[in-house]
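Q: got a predicted model here, sequence first, then my questions.
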Amino acid sequence: MVQCHIPEVKGGKGDRLLEELLQPPVKSQFRLQTKKRALLILTSVAVLLGFLLTVSIFIVVTSLRCSVLDAETIRENEYTITPDELQKSRDYAKWVKNLPTLITCGINCLFYNLVSENVTEPQTRLDPPLKPRVKTNESLCTDIPLSMRFDCHPDDSPTQASCEERGCCWREEKTLERKQPYSSPRLHQPTHGSSHEGGLPLNVPYCFYPRDYVGYSFVNYTNEIHGYTGYLKREITSGFPGDVPILKMDVYFETETRLRIKLTDASRARWESPIPVVPEVMHGTNATAYSFEVHLEDGAFTVTRKINGLPIFDTLGMAPLIYAEQFLQLSTSLPSHYIYGLGEHQDGLLLDTYWTRRVLWNLDNVPEPGTNLYGSHPFYMALEPGGNAHGVFLLNSNALDIVLQPLPALTIRALGGIIDLYVFLGPTPNAVISQYTEVIGRPFLPPYWSLGYHQCRFGYGSVKRTREVWQRTRDAGIPFDVQWNDIDYMNDSKDFTVDLVHYEGLSDFVSEVHQAGMHYVPIIDPGISAAEPPHTYPPWDEGARLGIFIRNSSNLPFIGKVWNPVGTSWPDFTHPLSAYYWGRQLMRFHNEIPVDGAWIDMNEPSNFWSGSVDGCESNNLEHPYFLPAVHGGLLFYHTLCMSSRQHLGLHYNLHNLFGFTETIATNAALQIIRGKRPFIISRSTFPGQGSYGGHWTGDVWSDWFNLWQSVAGVLNFNMYGIPMVGADICGFNGNTTAELCMRWMQLGAFYPFSRNHNTDDAFDQDPVALGEDVVIASRNALTQRYILLPYLYSLFFRAHLTGEPVARPLFFQFQKDPKTYAIDTQFMWGSALMILPVLQANVTSVRAYIPHGSWYDWYTGHPMEGEGDYIKLEAPKDKIPLLIRGGHILPISPPANTTSDSRKNGIGVVVAPSQFGRAAGEFYWDDGDSIDVVKSKTYTHVRFISGPGIVNFNFTINGYTAPVNLTYMYILNVLTNITEVNVAGKQAHFQYDDSNKVLTVTDIAQSLLQSFTVTWK
């Protein structure tokens, strides 16, 4: 292990301090006795708590004090941030930014400034009292269209009196019947949860803002080197506690296509999310594709696309800006009804703007429409009239409530933090995502083996059963690369342990997996068992000694309950020693079970209790004045108390970052432990997750609705910069059927992350368990995936470089075609391959939309001309329809049953010319597992360019020098019989299929490590 210098901390070197924390030296008897007493007290408390929990578990479950208390009983707990917390947040962000250097040093370097825990008094501010708002003039309430009524009283239960006290208008409207049709057709209705079909999830607000309502107005606005700086003043109360009287607005012209608008409290620091670590641009550019205008009287601002003068973010005439202690509000009109994103959710691809709501607050909740789920992504993309695209990102980690209304308009409400807004000008959808990921971080380059098929279930029950299912899948000839285990491999569901009764010999089985050229990934939950006897469970002993667990208001480890028999504590992954601690646990476990990746689950964080055994305190953190429509009706529903303390501050602010911070720590540890590219799949996500790991869409139901929704889920996360994503193939909850699983295996073969997984109380759903039809369909679909792996890997390389999605909606490639805007039943891999899955029962064909241009059947190469209309494609039970788009060249490979074998088979290409006879593509290749290959340029890169009768192979990068040969080619739409083919000047073997117009060139052994030409005539 490479050694590096550790700066001195608290009078001693960092490595010595860590050693002292874990193993107190014998010389210091007093310190040893003191630590022993502390450990004994802590252990005694844990044991006593465990006993009490065990005795009272039934009472606890039936009588948790989780109800919302009346406002007068809630104790105030000022929502603020101390200078110490602000510095710690900056230190953490700096540590994340410097992680690549620290990783080269080893586990012992995975920490940052061990600053003192002394509490610093928060900054105080004496604000002048704001004027109460007077009742509005009734004439200002008339003739406001229903679509322009912005909710003035989203909190509590409004009355006419409380509404008029805020100076707003009151009109009681009958619940409206929906007249505007859904913008996206519903293929299925949900079988679980609610459905909004035919009704309104929200009604038109009774209490709405009058025409003259002003929140803030500008008192100063000047040109600066970064763009503009302005100050806004509020004189009249908003109706929400703690109005901030003076705001500072900084407008950064960061790039030609990226604008940043930052609104902060002018006199006191507020919480700002330290991750993702965003670019700091202090010198703005003058060459912009946008203009920015402020309206001095009412504090509104407008971002306009210069080329056509179209406003793309415009707060003028919308809901007024509100900036209070625990309530921020910002509203904008939208240029069209075509808006996407704002996840994670189960409400399709194209969002409904007809009075709908999105809630972003990470929660362990079975995916159902209309509820907040595992991840929070405050990003949306909108299409403008004419097809241009733009994106908007709010960097805010607090709970968010977002309302869409049919003007169309959007209103964002946040429970804290600041308004830190980015606008991306595109103008193409791919460019928007590239600009977005330039801010939040480019997607990681996955190991090649992770692109194979993965298989798991909760409840194999033993290593013997795991091996049986693993072996029968291989025996069936199904391409298969990665075996997984769920928590049943653990001893009493304790992290970093193995059940030595049922899973004895797990290490030997993993060795078998490796010998077969395959890989192994287990689940690892963040919750650590908190009731183990002293010195028996290192994850608890070391975590308690290092002080890295999230703390309660008494400064003791917060105790909740997950899978552990008694109680659970959670590491605070923002703590300076948490990554070091986590790395030690992973290294110890890896020494026992040589895992190849990590599946991190339950990291919203999930808690089977809501808060602690006694619920949570009664204060304005647990029960804020405004509560978004979170599932469960409480912020701490099935998670930790909001007043829990982390190193950087309140869990209230950090909750949505928990899974992201765990992913960062896990990524660093795996790089050090394995010395190879890390592979991590996380359930909880936040913007920036894609730089460190992937995602699966959680505990979806086994039904046709969830099969269909998984397409939108995969496409949404590709827009969020997380291309390594997939759903549990065949569904997780409930029992699948043979037909459903057959069609889901076909679709799942084209998820970027392809894994079959289900729950412990359902029957087996690996393909062999469901019969020969499922086996054949699975084998056929996965064989096509394995043929396409070089193309898929090249797409991930491109995503790593530019952020462009791997899986894309059709409108990403056909943005001028409005017919593609709502399609969520078919999708693209990159720009070249269209996937058309069967998403309904009892059908053997699909209704496929074929955009204008040349297309080719994947299986036969037969050409077809797209006319911008729907056609019928046959989809027998053993086949998923696939089309190649003209104008592209795809690298492919002869299939094998593992990626390690397929890499030995050489490379082929499919040349699919456009109607003009031209095509292009690229091929990326490396060793498949090394770290930082793109940065070090230790890879091979080839560009393909073809015209009539010729393909040029242009070798551009030669950093990876292992032999890789072109072995075969398929050239499509060759209209005349061919008499000669030359590869690098030498005649080659070929065949010509006159019926499909396909030229096949075989027995090529041409190195791709040099440029050459292929011609035919």
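A: Yep, that arrived. What you see is a predicted model, and the numbers here were worked out from it, not measured in a lab.

Q: which phi and psi values does Ser450 adopt?
A: phi -70, psi -10 (degrees, to the nearest 10).

Q: roughly how far does it sit from Asp929?
A: 10 Å (CB to CB, to the nearest Å). No exception for glycine: its C-beta is placed from N, CA and C like everyone else's.

Q: for Ser554, same thing?
A: For Ser554 relative to Asp929 (CB to CB), the value is 46 Å.

Q: in terms of neighbours, single out the busier of the two.
A: Higher neighbour count among Ser554 and Asp929: Asp929, with 18 against 8, using other CB atoms under 10 Å.

Q: from the chain's centre, how far out does stretch 443-455 sit?
A: Here stretch 443-455 is found 16 Å from its chain centre; the criterion is CA atoms, centre = their mean, to the nearest Å.

Q: and for stretch 601-620?
A: Per CA atoms, centre = their mean, the centroid offset for stretch 601-620 relative to its chain is 23 Å.

Q: just the mean pLDDT for it, thanks.
A: Stretch 601-620 shows a mean pLDDT of 97.

Q: same check on stretch 353-361?
A: 95.

Q: what comes up buried for it?
A: Residues of stretch 353-361 classed as buried by neighbour count (16 or more other CB atoms under 10 Å): 353-361.

Q: and for stretch 669-686?
A: 669-674, 676-686.

Q: return the subset of the buried residues of stretch 353-361 lying in helices.
A: Residues from these lying in helices, with DSSP state H as the criterion: none.

Q: determine which two of those are furthest apart.
A: Across the buried residues of stretch 353-361, no pair lies farther apart than Tyr354 and Trp361, at 22.9 Å, counting by CB to CB.

Q: in this protein, which residue is closest to the centre?
A: Thr685 (4.4 Å; CA atoms, centre = their mean).

Q: for it, what are its contacts?
A: Neighbour list for Thr685: 344, 374-377, 659-660, 695, 717, 720, 722 [criterion: CB atoms under 8 Å, 6 or more residues apart in numbering].

Q: point to the helix or strand of this protein where mean pLDDT is at its lowest.
A: Here the helix or strand of the chain ranked lowest by mean pLDDT, DSSP states H and E is strand 8-9, holding a mean of 30.

Q: next, count neighbours for Gly505.
A: Using other CB under 10 Å, Gly505 has 15 other residues around it.

Q: cool, and the one 10 residues further on?
A: As a burial measure, Gln515 scores 8 neighbours (other CB under 10 Å).

Q: what do you get for Gly317?
A: Counted with other CB under 10 Å, Gly317 comes out at 16.

Q: go on, the one 10 residues further on?
A: Taking other CB under 10 Å as the criterion, the count of residues near Phe327 is 23.

Q: would you confirm that it contacts Asp243?
A: No - checked against CB atoms under 8 Å, the pair Phe327 and Asp243 is beyond contact range at 9.1 Å.

Q: check the gap between the closest residue to Asn603 other than its chain neighbours and Arg584 for me.
A: Spatial nearest neighbour of Asn603, chain neighbours left out: Gly659 (3.8 Å); criterion: CB to CB, 6 or more residues apart in numbering. Distance, Gly659 to Arg584, using CB to CB: 21 Å.

Q: is it fair to say Met742 lies in a strand?
A: No - judged by DSSP: H, G, I helix; E, B strand; the rest coil, Met742 forms no part of a strand; its state is helix.

Q: quick check: it touching Lys877?
A: Yes - using CB under 8 Å, Met742 is in contact with Lys877, at 6.2 Å.

Q: overlap in contacts of those two?
A: By CB under 8 Å, 6+ apart, the residues touching both Met742 and Lys877 are 773, 777.

Q: more crowded one of the two?
A: Met742 (24 against 17).

Q: strands of the stretch 701-850 of the chain, start to end?
A: 725-726, 728-729, 754-756, 807-808, 827-829, 833-835, 845-850 (DSSP state E, counting those that start in this stretch).

Q: where in this structure is pLDDT low?
A: Scanning the chain with the threshold set as pLDDT under 70 gives 1-78, 115-128, 175-176, 179-183, 194-201.

Q: just to revisit the earlier point, and the contacts of Thr685, which of them are buried?
A: 344, 374-377, 659-660, 695, 717, 720, 722.

Q: list the buried residues in stretch 370-384.
A: 370-384.

Q: for those, which one is nearest Gly868?
A: Leu383 (17.1 Å).

Q: the closest residue to the closest one other than its chain neighbours and Ala389: what is the separation?
A: Leaving aside its sequence neighbours, Leu383 sits nearest to Tyr338 (CB to CB, 6+ apart; 3.9 Å). Remark: distance between Tyr338 and Ala389 (CB to CB) = 9 Å.

Q: hmm, Lys937 and Asp926 touching each other?
A: No - judged on CB under 8 Å, Asp926 makes no contact with Lys937 at a distance of 9.9 Å.

Q: who has more neighbours, the two?
A: Regarding Asp926 and Lys937, a neighbour count based on other CB under 10 Å identifies Asp926 as having more, with 22 against 13.

Q: distance of that one relative to Gln585?
A: For Asp926, the distance to Gln585 - CB to CB - is 30 Å.

Q: repeat for His695
A: Distance from His695 to Gln585, by CB to CB: 23 Å.

Q: kindly report the same for Glu922.
A: For Glu922, the distance to Gln585 equals 41 Å [CB to CB].

Q: do the same with Phe679
A: From Phe679 across to Gln585, the span is 18 Å (CB to CB).

Q: and if you look at Arg847?
A: 51 Å.

Q: compare those two and say which is more crowded by neighbours.
A: Using other CB under 10 Å as the criterion, Arg847 and Gln585 rank with Gln585 on top: 19 against 13.
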